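Visitor: Okay, predicted coordinates and the sequence, questions at the end:
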2 protein chains.
Amino acid sequence: MKPIKVGLLGLGTVGTGVVRIVEGHQEDLQSQVGSPIVIEKVLVQNKSKSRGIHVNPDKLTEDPWDIVNDPEIDVIVEVMGGIENTRTYILEALARGKHIVTANKDLMAVHGPEILTKAHEHGCDVLYEASVAGGIPIIRTLIEGFSSDRITKIMGIVNGTTNFILTKMSKEGAAYDVVLKEAQELGYAEADPTSDVEGLDAARKMTILASLGFRSDVSLEDVDVKGISKVSREDIAYAKRLGYEMKLLGIAERQDDYISVAVQPTMVKNSHPIASVNGVFNAVYVYGEAVGETMFYGAGAGELPTATSVVADLVAVVKNLRLGVNGKQLTLTYKEKKLKTDEQIASKYFLLLHVDDRAGVLARITQAFAEFEVSLESVVQQPNATLPEAEIIIITHDASKAAVNKVLAAFESMDVVKSVKSVYRVEG
Amino acid sequence: MKPIKVGLLGLGTVGTGVVRIVEGHQEDLQSQVGSPIVIEKVLVQNKSKSRGIHVNPDKLTEDPWDIVNDPEIDVIVEVMGGIENTRTYILEALARGKHIVTANKDLMAVHGPEILTKAHEHGCDVLYEASVAGGIPIIRTLIEGFSSDRITKIMGIVNGTTNFILTKMSKEGAAYDVVLKEAQELGYAEADPTSDVEGLDAARKMTILASLGFRSDVSLEDVDVKGISKVSREDIAYAKRLGYEMKLLGIAERQDDYISVAVQPTMVKNSHPIASVNGVFNAVYVYGEAVGETMFYGAGAGELPTATSVVADLVAVVKNLRLGVNGKQLTLTYKEKKLKTDEQIASKYFLLLHVDDRAGVLARITQAFAEFEVSLESVVQQPNATLPEAEIIIITHDASKAAVNKVLAAFESMDVVKSVKSVYRVEG
């Protein structure tokens, strides 16, 4: 059969992995799809740079339009990253009838609906399994594996950098700054780590997962985002003492068709399966009305794991090409988006307060919770080791975010409350 | 669009779940596939029996041929179980151009290749996600998610009954017989539990997973099967003391295209993700050359979890119907099957020996291992609490099954070895 010709945009870590897998597993791939898969052209920033992998220099180009405009190319694999320029290349490639496989969560989180609509107009496939949780096939699981179910909750550890940092802080009792530096030295964190540590990367991935799981177009603006840069070693020590692990969780929830999506450091009960996902590993926990609890675990990044997902998508595109059914995916999003208000978002919370160490304070604190109908699971008061203050550690029962915010506002005007040191969502 | 008509063979636990999901999620299903899905006829054993679910009595039939011969029916969902009669109905239904969704691991493990070949001849789909690990979409993960990778190991906790029993034994220090009885009372084990506890059920599921993971037709006869009925509370106590959990693992391995598949009680290192899969939950751990470690966790059985997978397959069939591409799956098995010999099967082993408590015995024992080139990771000798014998607890380094068998044969003729109490594979 006629070879399928692929244009590869980007020859960084993932691009190199794609070349390795397409070349190394060629025989297996052909056995499955019936056609050879050939990487025809590769976009690089600098043709003369030396690389860890051999690619025929005639295939290299520094001009993306060489690939986008090449009528011979059937499928474009986009692993260059970036948002605006990349969007232009992809939209133009779709207009020319080329199918797209992308690992670009930033692009899909921001321009996903536009790109998928364009693809539909031109009868093209756009697949993006590698955009979330690297080697874990979570996107096809949400689209196909759970097509029959009504998913009510998706919780993800979808950022390896922050999970590495929190795991280290938990295991070694180390401080955030120290571990971040180590992560940077190991190459697990960027020189500017903002996008990872402030939760933006995870928020983009949760936008994609929530859209697929809840079948409505969730956008990045809908995600309430809080990163890990304020998580202290004391917070983690408290969490451990109470039987929790601190994790940066993306949490998407649905109740009666109202949804919420947030990314935030969360205290997860030890017995929950996601609590033991450590280091740079990713995991996505999915709760469906029918299927109940499930979890999918694996490498969230890296050359070969991510490339596995990219090439699996490429196989799917080639299969569709053979059957003549590209661009005919099931409708992925068909529900009107209704966002929960803060009154509808409920969870347990952990609070650490520093208060005046005198009679009647605990009564005033607990009265504030009672006033806004936040009931408490546990309350511990203890002297602070270094300050002339008492610490109050509270875990609430399920309470609305609005009510907890009212309690926090009430604390602002109470002179006995010296500071609200920490507030975390609690899961499990 | 024209409704898709489904004939349901069986209205037991899973059949009831299928009716609930198809009716309860009809709007969602239609939004995805574009056609109503109607359960047209239902095979039951006794039409007049009362049930936990309302089905229009006109739809019930006690004659499977009513469904197999009905030209109006597009898809047959088989959740009745059984092997030989069921095979006949399914082959005849395929001959009449009907697509099949089945949850029947026994049928697929024994007659899978025949059924898939027949389906191919008649341009029909046969999907069987629910046959392994209930609600976990592991079959589509192996076929599609990892289509680009070379899987080298699949380890599964794929039988909930035995995992429930082993978990209880481990957590409560209880004996096998006691826990089995409790599992029977709770409905987690059958009155005749043989198929579960002796590993046959797990072996059938591993046949299916190994065939898909390694792309060659593995048959039940290729699986080396050992159940849990001989696992003692002492074995589990030793395992725990050494930092392991006892699990009934299906292990399929591939090296240089040679494969082995076994089901056996296995000591799994605590730190391995599969060690913490407890109770009736299932999990499948997959190692791919490119993707590395992944694991998929969820309910392995039950009305709704299993029905989720059945209806997801139904959605896939209907999608194919709409596109006119039924019976055109990727080739699933295309590799010649080459089985490993006992010389090629390697793992760590745990051995518990009772030996004469006198000088020189340990030297003779360890000499036997040395003779067959089995090197040892750890050796502990201790007095037995109740007998005038010593216990020797050994964990080997990776050793071939053949070599370990030779060592065990040598022990037979050594008068100082009173008995080999236990031999287990060790993982992680």
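Guide: Sure, I can see it.

Visitor: drop to CA atoms for contacts and neighbour counts, all remaining ones
Guide: OK.

Visitor: quick one: the longest helix that chain A contains to chain centroid distance?
Guide: Longest helix in chain A by number of residues (criterion: DSSP state H): helix A:303-323. Between the centre of helix A:303-323 and the centre of its chain there are 21 Å (Cα atoms, centre = their mean, to the nearest Å).

Visitor: Could you do stretch A:79-97 as well?
Guide: When distances are taken as Cα atoms, centre = their mean, stretch A:79-97 is centred 22 Å away from the chain's centroid.

Visitor: In it, which residues are buried?
Guide: Buried residues in stretch A:79-97, counted by 16 or more other Cα atoms under 10 Å in any protein chain shown: A:79-81, A:83, A:86-87, A:89-97.

Visitor: hang on, the earlier thing: which helix or strand lies directly C-terminal to the longest helix of chain A?
Guide: The C-terminal neighbour of helix A:303-323 among helices and strands, as given by DSSP states H and E, is strand A:346-356.

Visitor: what does stretch A:18-29 contact?
Guide: Identification of contacts with stretch A:18-29 by Cα atoms under 8 Å, 6 or more residues apart in numbering or on different chains yields A:36-39, A:304, A:307-308, A:310-311, A:315, B:147-150, B:290.

Visitor: send the alpha carbons of it over as CSV?
Guide: What follows is stretch A:18-29 as a C-alpha-only set of coordinates in CSV (Å, rounded to 0.1, in the frame of the first residue of the first chain):
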residue,chain,number,x,y,z
VAL,A,18,8.3,10.1,17.6
VAL,A,19,11.1,9.4,15.1
ARG,A,20,12.5,6.6,17.2
ILE,A,21,9.2,4.9,17.6
VAL,A,22,8.1,5.3,14.0
GLU,A,23,11.4,3.9,12.8
GLY,A,24,12.0,1.4,15.5
HIS,A,25,8.4,-0.1,15.5
GLN,A,26,7.9,0.3,11.7
GLU,A,27,7.2,-3.4,11.2
ASP,A,28,4.6,-3.6,14.0
LEU,A,29,3.0,-0.4,12.8
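
Visitor: Can you give me the buried ones in that stretch?
Guide: Neighbour counts over stretch A:18-29 (16+ other Cα under 10 Å) mark A:V18, A:V19, A:R20, A:I21, A:V22, A:Q26, A:D28, A:L29 as buried.

Visitor: With distance to B:S48, pLDDT and secondary structure added, can I get these in TSV?
Guide: Compiled in TSV, the buried residues of stretch A:18-29 are given as follows (distance: Cα to Cα, whole Å; pLDDT from 0 to 100; DSSP: H, G, I helix; E, B strand; the rest coil):
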residue	distance to B:S48	pLDDT	secondary structure
A:V18	59	98	helix
A:V19	62	98	helix
A:R20	62	97	helix
A:I21	58	97	helix
A:V22	58	97	helix
A:Q26	57	95	helix
A:D28	53	92	helix
A:L29	53	94	helix
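
Visitor: and which of the residues you listed is nearest B:V178?
Guide: A:D28 (48.8 Å; Cα to Cα).

Visitor: What separation is there between the closest one and A:L127?
Guide: The spacing between A:D28 and A:L127, counted by Cα to Cα, to the nearest Å, is 21 Å.

Visitor: what's the answer for A:V14, then?
Guide: Separation of A:V14 from A:L127 (Cα to Cα): 16 Å.

Visitor: pretty sure A:L353 contacts A:I395?
Guide: No - contact criterion Cα atoms under 8 Å: A:L353 and A:I395 do not qualify, at 11.6 Å.

Visitor: Which pLDDT value goes with A:A385?
Guide: Note for A:A385: predicted pLDDT of 82.

Visitor: neighbours around it, how many?
Guide: 9 (other Cα atoms under 10 Å in any protein chain shown).

Visitor: likewise A:E427?
Guide: A:E427 has 19 neighbouring residues, counting by other Cα under 10 Å.

Visitor: A:K340 now?
Guide: When counting by other Cα under 10 Å, one arrives at 18 neighbours for A:K340.

Visitor: Could you pull out the helices in the stretch 101-250 of chain A for me?
Guide: With DSSP state H, counting those that start in this stretch as the criterion, the stretch 101-250 of chain A has helices at A:105-121, A:138-140, A:160-172, A:176-185, A:194-197, A:200-214, A:233-241.

Visitor: So which residues make contact with the longest one?
Guide: Right, helix A:105-121. A:81-84, A:86-87, A:90-91, A:94-95, A:99, A:125-126, A:128, A:131-132, A:201, A:204-205, A:207-208, A:217, A:219-220, A:327-328.

Visitor: Please repeat the previous calculation with a cut-off of 6 Å.
Guide: A:I83, A:L94, A:S131, A:R204, A:T207, A:I208, A:G327 (Cα atoms under 6 Å, 6 or more residues apart in numbering or on different chains).

Visitor: where in chain A is pLDDT low?
Guide: Scanning chain A with the threshold set as pLDDT under 70 gives A:330-331.

Visitor: which residue lies farthest from the center of it?
Guide: No residue in chain A sits farther from the centre than A:A359, which is 46.0 Å out by Cα atoms, centre = their mean.

Visitor: element containing that one, please.
Guide: Using DSSP H and E, no helix or strand contains A:A359.

Visitor: Equivalent analysis for the one 10 residues further on, please.
Guide: Remark: A:F369 resides in helix A:361-371, with elements defined by DSSP H and E.

Visitor: What of A:V380?
Guide: Taking DSSP H and E as the definition, one finds A:V380 inside strand A:376-383.

Visitor: What strands flank that strand, and is each parallel or antiparallel?
Guide: In the sheet, strand A:376-383 lines up against strand A:389-396 (antiparallel) (DSSP bridges).

Visitor: And the strand it pairs with, how far out from the chain middle?
Guide: In terms of Cα atoms, centre = their mean, the centre of strand A:389-396 is found 32 Å from the chain centre.

Visitor: contacts for it?
Guide: Residues from elsewhere that reach strand A:389-396 (Cα under 6 Å, 6+ apart): A:348-357, A:375-384.

Visitor: Narrow the residues you listed to those that are buried.
Guide: Counted by 16+ other Cα under 10 Å, the contacts of strand A:389-396 give A:348-357, A:375-376, A:381 as buried.
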